[in-house]
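Trainee: Generate a structure from the sequence data that follows.
(one chain, ligands or ions: 2)
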Amino acid sequence: MLDGMNALSTKASKAVNRLSDLLFPPVCLFCHAPMPAGNGCCAACLADISIWSHRICARCGSELPAPLAPGPCGHCLNSPPAQCETHSLYRYHGPVREAILGWKLQGHQAAVRWLLAQSMPELQRILGARSLLLPVPMPLSRMRKNGQHHAANLCRWMAEGAGCQWRWQLLRRVGEQPRQSALSGQARRKNLRKAFALADDYGPLWQDLAGQVDEIWIADDILTTGSTLHYAARASLKLGKPVKVLSLARTSLKQ
Ligand SMILES: [Zn+2]
Ligand SMILES: [Zn+2]
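Mentor: Ligands and ions are numbered 1, 2, ... in the order given. Okay, the predicted model is just below:
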């Protein structure tokens, strides 16, 4: 009897799936082209998605010729960033760029979630149960206006998948700054120098966490020049743990 009912419900759910495929035919999450099976990404988009190189300077994460990896690169020999290690998951290009822009500008998160799901083995390799993720903080006014904190969402999704902790309250943005994207490289660095600090009330929060954490990862969606992450990492050194940097995507050209 039960077997019969199970068979019936399997048949019913297959029929529902067929119906939903008819009503909502599977499409690529990136280019929205129809697809035969709903695995999220069509062959053309998949071919255009690049993961970030593993031949990198371990400190700043920039690409290096194979014999020179893992660095340190010339830049890190002269003026190393605040973080001791940097990882990026994807090259900021093509479908990855479109996915991130669609998420940030229009709130479509499915393609970004798909990219994260694909990179989960890599995230599980670099993050451990005693890693703590901190999103690059955004100004409170922008958070109120948009109602979204993208770096914090990213941390939540990464932490859920990798089994580690994350907190958005420890590191804060100080004062109001113009949008980084509107500034030149030099103005951007000047603007960022005092932009981050530990929250005034971080003491009790950190007291509970410190014993559970071996390393801190500052996370952001896009790493461009690395200035933002450097200054956010520098403000986090006060916590007394190794501070590392993680980005979903990274632009190829140094600016
Ligand atoms: Zn596609
Ligand atoms: Zn380097």
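
Trainee: Helix or strand: which one has Glu98?
Mentor: helix 94-106 (DSSP states H and E).

Trainee: Dump the C-alpha coordinates for that helix into PDB.
Mentor: Output of helix 94-106 as PDB, limited to C-alpha atoms (Å, rounded to 0.1, in the frame of the first residue of the first chain):
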ATOM      1  CA  GLY A  94      32.100  38.100 -19.100                       C
ATOM      2  CA  PRO A  95      29.300  36.100 -17.400                       C
ATOM      3  CA  VAL A  96      30.900  36.600 -14.000                       C
ATOM      4  CA  ARG A  97      30.800  40.400 -14.400                       C
ATOM      5  CA  GLU A  98      27.200  40.300 -15.700                       C
ATOM      6  CA  ALA A  99      26.200  38.100 -12.800                       C
ATOM      7  CA  ILE A 100      27.700  40.400 -10.200                       C
ATOM      8  CA  LEU A 101      26.300  43.500 -11.800                       C
ATOM      9  CA  GLY A 102      22.800  41.900 -12.100                       C
ATOM     10  CA  TRP A 103      23.000  41.100  -8.400                       C
ATOM     11  CA  LYS A 104      24.200  44.500  -7.300                       C
ATOM     12  CA  LEU A 105      22.100  46.600  -9.500                       C
ATOM     13  CA  GLN A 106      18.900  44.600 -10.000                       C
END
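
Trainee: I figured Val243 was touching Tyr231, is that so?
Mentor: No. Contact criterion Cβ atoms under 8 Å: Val243 and Tyr231 do not qualify, at 11.6 Å. Yep, even glycine has a C-beta here, placed from its N, CA and C like the rest.

Trainee: okay, and the common contacts of these two?
Mentor: Ala82 (Cβ atoms under 8 Å, 6 or more residues apart in numbering).

Trainee: quick one: which of the two has more around it?
Mentor: Counted by other Cβ atoms under 10 Å, Val243 and Tyr231 do not tie: Val243 has more neighbours, with 24 against 21.

Trainee: which residues are contacting the following helix or strand past the helix holding Glu98?
Mentor: Tracing the chain C-terminally past helix 94-106 and defining elements by DSSP H and E, one meets helix 110-118 next. With contacts defined as Cβ under 8 Å, 6+ apart, helix 110-118 is touched by 29-30, 40-41, 49, 89-90, 95-96, 98-100, 102-103, 123, 154, 157-158, 161, 248.

Trainee: Next, count neighbours for the closest residue to Pro139 other than its chain neighbours.
Mentor: What sits nearest to Pro139 in space, not counting adjacent residues and going by Cβ to Cβ, 6 or more residues apart in numbering, is Arg173, at 4.9 Å. By the criterion of other Cβ under 10 Å, Arg173 has 19 neighbours.

Trainee: Which pLDDT value belongs to Arg173?
Mentor: For Arg173, the model assigns a pLDDT of 92.

Trainee: who's in contact with it?
Mentor: Neighbouring residues of Arg173 by Cβ under 8 Å, 6+ apart: Pro137, Met138, Pro139, Leu140, Ala195, Phe196.

Trainee: Reformat those residues as JSON lines; add distance to ligand 1 and neighbour count.
Mentor: Listed next are the contacts of Arg173 as JSON lines, based on distance: Cβ to the ion, whole Å; neighbours: other Cβ atoms under 10 Å:
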{"residue": "Pro137", "distance to ligand 1": "34", "neighbour count": "24"}
{"residue": "Met138", "distance to ligand 1": "30", "neighbour count": "18"}
{"residue": "Pro139", "distance to ligand 1": "35", "neighbour count": "17"}
{"residue": "Leu140", "distance to ligand 1": "37", "neighbour count": "11"}
{"residue": "Ala195", "distance to ligand 1": "37", "neighbour count": "21"}
{"residue": "Phe196", "distance to ligand 1": "37", "neighbour count": "20"}
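
Trainee: which residues in the chain form strands?
Mentor: Under the criterion DSSP state E, the chain contains strands at 85-91, 131-135, 165-166, 171-173, 196-198, 215-223, 243-250.

Trainee: Can you say which of those is packed in most?
Mentor: Comparing the strands of the chain by mean neighbour count (mean count of other Cβ atoms under 10 Å), strand 243-250 comes out on top with a mean of 26.
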